[in-house]
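In: Mind looking at a prediction? Sequence and model below.
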Amino acid sequence: MSERLTEKLSILADAAKYDVSCSSSGSSRRNEDKGLGNAKGEGICHAYTEDGRCVSLLKILLTNHCIFDCAYCVSRKSNDIQRAAFTVQEVVDLTINFYRRNYIEGLFLSSGIFKNADYTMERLVRIAKKLRQEHNFNGYIHLKAIPGASEELLKEAGLYADRLSVNVEMPTEQSLKLLAPDKNRKDMIAPMKYLKGAIEENREEKKLFKKAPLFAPAGQSTQMVIGATPESDLQILWMANQFYEKMKLKRVYYSGYVPISNDNRLPAIGTPVPMIRENRLYQADWLLRFYGFKVEEIVNLENPLLDTDIDPKLSWALRNLHLFPLDINKADLSLIMRIPGIGVNSAKKIVAARKFNKLSWDNLKKFGIAVNRARNFVTCQSDHFSFKDWMPSQIKERILQSGASKYKPNFSPQLKLF
Amino acid sequence: MTAITYDGTFEGWLTVVFEVYEYKFGDVEICKKDRFQANVFNKHHESYFDQQKTTRVWKGLTQKISAPALSGLYQAFLSEEKGIENVLLRYVQHVFGSKQSIERDYSNAAVLTVVQTAKKVYREKHRMEAFVRFQLTADNLYYAICQPDFNVLPLIQKHFKDRYADQRWLIYDSSRNYGIYYNLSVVENVIVSFNEQTSKGKNIEVITDEKEELYQRLWQQYFSSVNIAARRNTKLHIQHMPKRYWKFLPEKQSF
Ligand code: SF4
């Protein structure tokens, strides 16, 4: 009995791991009347996988049986693999027992599609409902919204889940058609739209009646697979930007394609996972969400690809040298945040501290700022004015020389021969 | 130079601060009583905890700096780092010596050290909230043992109380030999006496619930299944989960 459970867990966790989202932040669910758990505030990473990703949720599929045949997915119908399915009670027990031991923040439940979308969605909803109602569980629940599921089920899902997500998987409709012929973009966009409306409505209602029930308090997110298809970073980031602006998504995740199939529509097995590109996309995504950058400042028709050897903020700065140097003791917060080597927190620290004293390089160093990087773009109270009229390429070279890029070894312009 | 000794508690240290003003000490060196080594060249003053003095200093501070800055002082104190009491004193003197709040005067050495130390302690608090692993004992107690770098149990108890409101739990700091225990209504500091059987609470297999081993095994299975071999990045893994924490993590043990 316990062996079978272990086996199921290994199959269904393995199949779920390509969904990169593991966030458990942003909910407002509190522990009321002495129940179990608390999903308020920042999520916690309870462990990290050997590839360095955060483990915050019990991320599993209810089943990896699937009637569809999406080429990029391990669970696709035509793939010859072991199949398994949890019972509703098994998922509930695993979640509660892991949670009580402080292994996890909650559950992220997805599933292959068995029978049809509604049949599958109904099972996912039933698990969430049981956790909330029978176990008074206030931990985090992320449910996958199955494309094509009915609005009634989505609505119910929103009442129990903290976050819902519909994965668009492919950055463009053409790629989706090519690789997931059973799916269509409309079935993905429709639930997103519905959820956007329902979430907004609920937030309004909450303003009027504090007691109104929560509806997906941590919002919705989506995921795109990167590197399986030929889209440029421009296409990917513009699409992400649309999701943020039009669908009000909380997060867009980028998942570097891990080759799992010999299908000739896809990169062959053994092709490296595009991890650097994925990392640059996340950096660009942060610039969109927290640094006040517009998407066209990061990628545009002249620069459709993110640089791989330097981060997108530095790339932007090098393309816009006419805006620099900035005076650290005077410039606006919004501009200081744009200086390479200075993050949001350091920028705030600078703006707060300069009210007391003019800041020097020494102060900046002690604040933990990447001075090597920043000094090419900044002046501050200092005798040795270190900003020089350099060309973008010289600055870039100087920064890379100082070893600030952890990817640099892979980009050595010299050819090493055996 | 006057050496001041005190009982080692935060409240006791606040009394010291009061007395520095009261007796107009100039240069001082504050030291926990049990770590004190007399030095013939110094004068020595022994400070005894005094509720009134402590309250007056605390009240004075609350009027001058914000609540987050106050908790920063406490967090920095819990670092137990050598000499931190003196840095904190300089911080407080800077507070009382200025008209406006100096909590963001990061170019002042004491302010920056306190902020940075508090941040380290806060990071450790966060790590303990992440890495504490409970084991269920046969009498329905969720028990965890840990060895945090800093004395963070006082900082994590609210988190665990809010989260595990319906289960009895005990988190034991085996470096500092005390624990916090939640009895379904309040959290208390406790000294635990272990019996021989469990080698000071480290091996409690003998007293765990029958399902405990199963869930530890399932968790290990889960942890190994979510790994993507094609993405291995050991450096990042260790950076996030430093090795010194591994001994209490079931997912890092091999069965
Ligand atoms: S529908 Fe989902 S589970 Fe099924 S093959 Fe497509 S991506 Fe995989």
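Out: Sure thing, it's come through.

In: count of neighbours near A:T222?
Out: By other C-beta atoms under 10 Å in any protein chain shown, the residues close to A:T222 number 22. Bear in mind the C-beta positions are built from the backbone N, C-alpha and C, glycine included.

In: What segments of the stretch 1-150 of chain A are strands?
Out: All strands of the stretch 1-150 of chain A, identified by DSSP state E, counting those that start in this stretch, fall at A:47-48, A:54-55, A:57-61, A:106-110, A:140-144.

In: repeat for the stretch 251-400 of chain A
Out: Going by DSSP E, counting those that start in this stretch, the stretch 251-400 of chain A shows strands at A:251-256, A:326-327, A:378-379.

In: Among those, which comes closest to A:I67?
Out: A:I67 sits nearest to strand A:251-256 of all the strands of the stretch 251-400 of chain A, at 22.7 Å, using C-beta to C-beta.

In: hey, which of the strands of the stretch 1-150 of chain A is tucked in deepest?
Out: strand A:140-144 (a mean of 28; mean count of other C-beta atoms under 10 Å in any protein chain shown).

In: Give me the contacts around that one.
Out: A:19, A:21, A:23-24, A:27, A:29, A:39, A:43, A:56-57, A:105-111, A:124-125, A:128, A:131-132, A:157, A:160-167, A:218 (C-beta atoms under 8 Å, 6 or more residues apart in numbering or on different chains).

In: follow-up on the earlier one: tabulate the strands of the stretch 1-150 of chain A (a markdown table), appending mean pLDDT and distance to B:L14.
Out: Converted to a markdown table, the strands of the stretch 1-150 of chain A look like this (pLDDT from 0 to 100; distance: least, C-beta to C-beta, whole Å):
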| stretch | mean pLDDT | distance to B:L14 |
| --- | --- | --- |
| strand A:47-48 | 86 | 39 |
| strand A:54-55 | 86 | 39 |
| strand A:57-61 | 95 | 42 |
| strand A:106-110 | 95 | 40 |
| strand A:140-144 | 95 | 39 |
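
In: Dump those into JSON lines; add distance to the ligand as well.
Out: Compiled in JSON lines, those are given as follows (distance: least, C-beta to the nearest ligand atom, whole Å):
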{"stretch": "strand A:47-48", "distance to the ligand": "25"}
{"stretch": "strand A:54-55", "distance to the ligand": "22"}
{"stretch": "strand A:57-61", "distance to the ligand": "8"}
{"stretch": "strand A:106-110", "distance to the ligand": "8"}
{"stretch": "strand A:140-144", "distance to the ligand": "9"}
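
In: per-domain residue ranges of chain A.
Out: A:2-298, A:312-411 (automatic domain parsing).

In: Figure out which of those domains is closest to B:A130.
Out: Comparing the domains of chain A by C-beta to C-beta, domain A:2-298 comes nearest, at 4.9 Å.

In: In space, not sequence, find me the middle residue of the chain.
Out: Defaulting to chain A. A:Y253 (3.4 Å; C-alpha atoms, centre = their mean).

In: Actually, chain B is the one I wanted.
Out: Chain B, centroid-nearest residue using C-alpha atoms, centre = their mean: B:V152 at 1.9 Å.

In: In this structure it contacts B:V121, no?
Out: Yes: assessed by C-beta atoms under 8 Å, B:V152 is found in contact with B:V121 at 6.5 Å.

In: Touching both of those two, which residues are there?
Out: B:L78.

In: rewinding a little: could you work out which of the strands of the stretch 1-150 of chain A reaches nearest to A:A353?
Out: That would be strand A:54-55 among the strands of the stretch 1-150 of chain A, by C-beta to C-beta, at 31.6 Å.
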